[in-house]
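**Student:** Just need the structure, nothing else, for what follows:
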Amino acid sequence: MCPSYMGMRHALRHYFPQFEMERISMTTDITTTDAWAKVEQAQQSLAQKTLRELFDADPQRGEKLSFDAADLHVDLSKNLVDDSIRDALIELAQTAGLPERIEAMFRGDKINNTENRSVLHTALRLPVTEDLVVDGQDVAADVHEVLSRMRDFATSLRSGAWLGYTGHTIKTVVNIGIGGSDLGAGHGNPGAAHPMPRLVSLPSLCPMWTRPTSFRCWMSVILSPRFLWLHRRLLPRRKR
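**Tutor:** Below you'll find the model as predicted:
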């Protein structure tokens, strides 16, 4: 199992076992619970303090509010929290049933009630040796099959073996996305080991578009987690 995947689960489990209490109904307004009131009380008592004061009052603060989980090092000491607000937040999460919901997400339960879907972000990070079966389908295997095809395509594109419809080598890739679909590609490219092809990342809702002199060596990629979004489907027409 990959370290980041393990770290995510270990970090979530670091605190939750401290409290044993019955989970309230998901239909209950969380702001009406005693746990919520405890968080508000703890926050009010801490609001007038500074980090300097907190460190002066507890020289061991850095050690007490830090922990390791696989490849993650979590340091809460540089935030305006103390033992009381930390414990109150954990109790609130426990009251809301967050630990159970986390486990349900990792199992592939359909916790997206609006669309009656599983939330399968975790499947994208599962190592190839892991399985995640949802409705009889091994989602993890499907993910790695697609990742394998993506790797083969990216390798052929970088090497120049894959040609565009004009028969030319692709030298520029135009990435069109929004939010992480734009920022992820834009931030990741400068650190890439392969300098070619050049990446141009455009926010999908940005009207700015400088038309190149030639499209012969260009390839456009529309990056979207959900192609049902209207602006993602209309965008290619705008860019053309």
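
**Student:** which helices and strands does the longest helix along the chain pack with?
**Tutor:** Counting by DSSP state H, the longest helix found in the chain is helix 139-159. Using 3 or more Cβ pairs under 8 Å, 6 or more residues apart in numbering; DSSP states H and E as the contact test, no helix or strand touches helix 139-159. Quick note: C-beta positions are derived from backbone N, CA and C, even for glycine.

**Student:** what's downstream of that helix, the next helix or strand?
**Tutor:** strand 172-177 (DSSP states H and E).

**Student:** That next one pairs with which strands, and in what direction?
**Tutor:** strand 198-203 (parallel), strand 218-222 (parallel) (DSSP bridges).

**Student:** coming back round to it: the longest helix of the chain: which residues count as buried?
**Tutor:** Applying a neighbour-count criterion of 16 or more other Cβ atoms under 10 Å, one finds 139-141, 143-144, 157-158 buried in helix 139-159.

**Student:** Among those, which pair sits farthest apart?
**Tutor:** 139 and 158 (28.5 Å; Cβ to Cβ).

**Student:** now the strands for this protein?
**Tutor:** Listed in chain order, the strands of the chain (DSSP state E) span 66-69, 72-75, 133-134, 137-138, 172-177, 198-203, 218-222.

**Student:** Let's have the ones you listed in a markdown table, adding mean pLDDT and mean neighbour count.
**Tutor:** Formatted as a markdown table, the strands of the chain follow (pLDDT from 0 to 100; neighbours: other Cβ atoms under 10 Å):
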| stretch | mean pLDDT | mean neighbour count |
| --- | --- | --- |
| strand 66-69 | 89 | 14 |
| strand 72-75 | 90 | 12 |
| strand 133-134 | 90 | 14 |
| strand 137-138 | 91 | 13 |
| strand 172-177 | 78 | 20 |
| strand 198-203 | 66 | 17 |
| strand 218-222 | 78 | 16 |
